[in-house]
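Chemist: mind folding the following:
(one chain, ligands or ions: 1)
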Amino acid sequence: MTRFLVTGSYGQIGTELVGALRKKYGGKNVIATGRKKPPEILTKDGPYLHLDILDPNQIHSMLVNNDIDIIIHNASVLSGVGEKNPQLAYRTNVEGGYNILEAARVLKLDQVMIPSSIAAFGPSTPRENTPNDVIMRPTSAYGVTKVFIELWGEYYTKRFGVDFRSLRYPGIISSEALPGGGTTDYAVEIFYEALKNKKYTSFLDKGTYLPMMYMPDCIKCTIDLIEADESKLKHRSFNITAMSFAPEEIAAEIKKHIPEFEMSYEPDFRQAIAETWPASLDDSVATEEWGWTPDYDLAAMTKDMLEKLSKKLGIKY
Ligand code: SER
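Modeler: Residues are numbered from 1 along each chain as shown. Modelled structure (predicted):
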């Protein structure tokens with residue numbers, strides 16, 4: 001059985017990805033790692049180990065001692081936090097990513113998956129239906145680090161035969177763990193506030209379209225790409241998306257379920273970041289090379305999010 005190590009395991013994606021991988025590959029075959037005390041969900045069906053991604057020796061010994069085949073490197077500083085502390089974004093995302101790729105090279109692991117993001121694009125990128133292969137030139141610290149990871153990973157594939165794979169995640173919406181300081185976080189916060197207070201003040205303005213995806217699709221594309229036949233991959237970094245909406249559109253969708261819900265707008269520094277990112281993505285390369293298709297659109301996602309979150313928070317609507 002393939003053995004996985006997941007960094008950033010208690011993050012928004014990691015928390016649910018570890019659970020999905022454990023279901024499929026067996027609890028003991030998926031090592032969740034991080035630097036914090038883990039939530040119970042990560043320790044009940046499999047091991048959790050303390051790992052500092054800035055310590056190459058610790059990474060190497062953990063991979064060897066646990067007989068790891070595939071690393072999924074999710075630990076990352078996101079766009080909002082990265083803009084406040086670019087040095088932290090550099091160290092965590094560039095040095096951390098480098099350490100992981102080096103370990104995969106030296107130990108000849110089967111595969112290394114490191115997510116990229118819509119943040120890898122920039123103001124000179126065509127914003128509508130952004131193609132997979134296009135000018136990038138991001139202007140956020142986070143985006144610059146993600147372009148580095150894509151290119152360094154692809155270089156390791158070409159030069160050393162490392163099986164590197166990457167997904168340019170759009171904003172991810174989920175009910176289990178909160179996102180950690182990004183520009184798309186409003187699309188998650190809005191659901192908590194709609195249920196708790198029936199109102200939400202968006203930090204992105206009306207008309208700010210961004211590509212988005214619901215967590216079940218995020219888990220699906222991640223596992224599908226990991227399992228994809230390497231001989232079919234012409235690319236290593238892939239656009240993926242499921243929907244694109246602006247704040248007023250998700251608010252209108254929530255209003256269909258919670259008619260009293262009211263939205264107001266107070267754009268902050270994240271508005272400027274969002275304006276440099278694509279409004280929508282063309283993910284046809286992912287569809288062609290490994291069969292990607294999403295299951296959830298805005299309406300289906302909103303309905304399911306409200307149901308799940310209302311159960312979790314114990315708030316009826
Ligand atoms: N969700 C991320 C962010 O907003 C985008 O990759 O930073």
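Chemist: wait, what's in contact with whichever residue of the stretch 101-250 of the chain sits closest to the ligand?
Modeler: At 2.5 Å from the ligand, Gly182 is the closest residue in the stretch 101-250 of the chain, using Cβ to the nearest ligand atom. For every residue, glycine as well, the C-beta is placed using N, CA and C. For Gly182, the contacting residues are Leu78, Ser79, Gly80, Val81, Gly171, by Cβ atoms under 8 Å, 6 or more residues apart in numbering.
Chemist: check which helix or strand covers it.
Modeler: Using DSSP states H and E, Gly182 falls within no helix or strand.
Chemist: residue contacts, the closest residue to it other than its chain neighbours?
Modeler: The shortest distance from Gly182 to any residue other than its chain neighbours is 3.8 Å, reached at Leu78 (Cβ to Cβ, 6 or more residues apart in numbering). Contacts for Leu78 (Cβ under 8 Å, 6+ apart) come out as Tyr142, Pro179, Gly180, Gly181, Gly182, Thr183.
Chemist: spatially, which two of those are the most separated?
Modeler: For the contacts of Leu78, the farthest-apart pair by Cβ to Cβ is Tyr142 and Pro179; their separation is 12.8 Å.
Chemist: what about those two, which has more around it?
Modeler: Tyr142 (25 against 21; other Cβ atoms under 10 Å).
Chemist: who touches the residue nearest to that one when sequence neighbours are not counted in this structure?
Modeler: Computed as Cβ to Cβ, 6+ apart, the closest residue to Tyr142 that is not its neighbour in sequence is Gly82, at 3.7 Å. Contacts for Gly82 (Cβ under 8 Å, 6+ apart) come out as Leu88, Ala89, Asn93, Ser140, Ala141, Tyr142, Thr145.
Chemist: so which of those reach the ligand?
Modeler: Tyr142 (Cβ under 6 Å from any ligand atom).
Chemist: list the ones among the contacts of Gly82 that fall in helices.
Modeler: With helices taken from DSSP state H, the overlap with the contacts of Gly82 comprises Leu88, Ala89, Ala141, Tyr142, Thr145.
Chemist: neighbours of the second one, just the number please.
Modeler: Counted with other Cβ under 10 Å, residues neighbouring Ala89 total 24.
Chemist: so for it, what's the pLDDT?
Modeler: On pLDDT, Ala89 comes in at 98.
Chemist: could you measure from it over to the ligand?
Modeler: 10 Å (Cβ to the nearest ligand atom, to the nearest Å).
Chemist: so that residue makes contact with Gly143?
Modeler: No. The criterion here is Cβ atoms under 8 Å, and Ala89 misses it with Gly143 at 9.6 Å.
Chemist: what about the strands in the stretch 101-250 of the chain?
Modeler: Applying DSSP state E, counting those that start in this stretch to the stretch 101-250 of the chain gives strands spanning 111-113, 116-117, 164-169, 171-173, 199-202, 210-214, 237-239, 243-245.
Chemist: put together TSV for those, with mean pLDDT, mean neighbour count and distance to Tyr25 on each row.
Modeler: Output for the strands of the stretch 101-250 of the chain, formatted as TSV (pLDDT from 0 to 100; neighbours: other Cβ atoms under 10 Å; distance: least, Cβ to Cβ, whole Å):
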stretch	mean pLDDT	mean neighbour count	distance to Tyr25
strand 111-113	98	22	13
strand 116-117	98	27	24
strand 164-169	98	24	17
strand 171-173	98	25	22
strand 199-202	98	18	38
strand 210-214	98	25	23
strand 237-239	98	25	22
strand 243-245	98	22	29
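Chemist: a markdown table for those strands, including distance to the ligand?
Modeler: A markdown table is the format used below for the strands of the stretch 101-250 of the chain (distance: least, Cβ to the nearest ligand atom, whole Å):
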| stretch | distance to the ligand |
| --- | --- |
| strand 111-113 | 15 |
| strand 116-117 | 3 |
| strand 164-169 | 5 |
| strand 171-173 | 5 |
| strand 199-202 | 14 |
| strand 210-214 | 8 |
| strand 237-239 | 12 |
| strand 243-245 | 14 |
